[in-house]
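Undergrad: Below is the sequence, then the predicted model.
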Amino acid sequence: MVSLKSLVILAFAQLVVSRPSGPPAFQVTNLITLEPSGRPGNTSPYRVGFNVTDPGDSSAAFCEAQWSYADRDTGYPKRYLSNCTDDSYAFKFVDWQSYYNFTLDVKHTTKGHHERTTKLAKGHVDLNILHCTHAASGFSACNQMEGVAFPLPVYDVRKS
């Protein structure tokens with residue numbers, strides 16, 4: 001005979017297994033960040049570029065931001081910037097500390113038959129994800145380390 005405790009545990013286990021999970025995390029690949037030297041006459045901009053994929057619909061885009069060295073502490077995108085190869089994506093940087101320490105926040109909007117869905121996902125960029133090299137000229141470049149995944153968990157889904 002099965003005890004009442006065993007039945008309760010089985011029922012709870014089925015609830016946990018059947019509970020719907022959230023949407024899959026966006027995947028970022030080929031993340032690069034560049035810091036110019038800041039030397040007089042150098043006009044190279046700060047640059048951050050990355051590929052992003054939403055596994056929910058298999059769409060992907062390359063996104064990029066650039067801003068001048070003179071605006072190094074304020075020129076980064078604080079509001080969603082639609083500078084991606086697929087205009088259903090936009091991004092911004094949150095908690096910007098430097099070209100190797102910030103939070104990447106990506107927005108992806110899709111249109112269905114009767115509604116629009118916007119997913120918001122974010123993840124922190126740091127030296128656990130990037131490998132940086134520094135030139136004697138003062139120029140610095142960081143690349144996403146090979147074999148290091150950078151998922152952006154979806155933190156909000158809005159339907160309208």
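TA: In hand now; what should we look at? Source: prediction; values computed, not measured. Numbering: from 1, shown residues only.
Undergrad: Which positions within the helix or strand where Cys142 lies qualify as buried?
TA: Assigned by DSSP states H and E, Cys142 belongs to strand 140-144. By 16 or more other CB atoms under 10 Å, the buried positions in strand 140-144 come out as 140-142, 144. (C-beta placed from N, C-alpha, C; glycine too.)
Undergrad: closest to Trp96 among those?
TA: Cys142 (14.2 Å; CB to CB).
Undergrad: In contact with the closest one, which residues?
TA: For Cys142, the contacting residues are 32-34, 99-100, 130-133, by CB atoms under 8 Å, 6 or more residues apart in numbering.
Undergrad: and if you look at Phe139?
TA: 34-37, 44.
Undergrad: which among these gets closest to Ser59?
TA: Nearest member of those to Ser59, counting by CB to CB, is Leu34, at 26.1 Å.
Undergrad: And the buried ones among the contacts of Phe139, selectable in ChimeraX?
TA: Selection command for ChimeraX covering only the buried members of the contacts of Phe139, criterion 16+ other CB under 10 Å:
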select :34,35,36,37
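Undergrad: In strands, which of the contacts of Phe139 fall?
TA: 34-35 (DSSP state E).
Undergrad: Out of the contacts of Phe139, flag the one nearest to Gly112.
TA: Leu34 (37.6 Å).
Undergrad: and the closest residue to the closest one other than its chain neighbours, how many neighbours does it have?
TA: In space, and not counting its chain neighbours, Leu34 is closest to Arg47: 4.3 Å by CB to CB, 6 or more residues apart in numbering. Using other CB atoms under 10 Å, Arg47 has 16 neighbouring residues.
Undergrad: Now the contacts of Cys142 in JSON lines, please, with extra columns for distance to Gly123 and pLDDT.
TA: Below are the contacts of Cys142 laid out as JSON lines (distance: CB to CB, whole Å; pLDDT from 0 to 100):
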{"residue": "Ile32", "distance to Gly123": "16", "pLDDT": "97"}
{"residue": "Thr33", "distance to Gly123": "14", "pLDDT": "96"}
{"residue": "Leu34", "distance to Gly123": "20", "pLDDT": "94"}
{"residue": "Tyr99", "distance to Gly123": "16", "pLDDT": "93"}
{"residue": "Tyr100", "distance to Gly123": "14", "pLDDT": "95"}
{"residue": "Leu130", "distance to Gly123": "12", "pLDDT": "98"}
{"residue": "His131", "distance to Gly123": "17", "pLDDT": "98"}
{"residue": "Cys132", "distance to Gly123": "18", "pLDDT": "96"}
{"residue": "Thr133", "distance to Gly123": "23", "pLDDT": "96"}
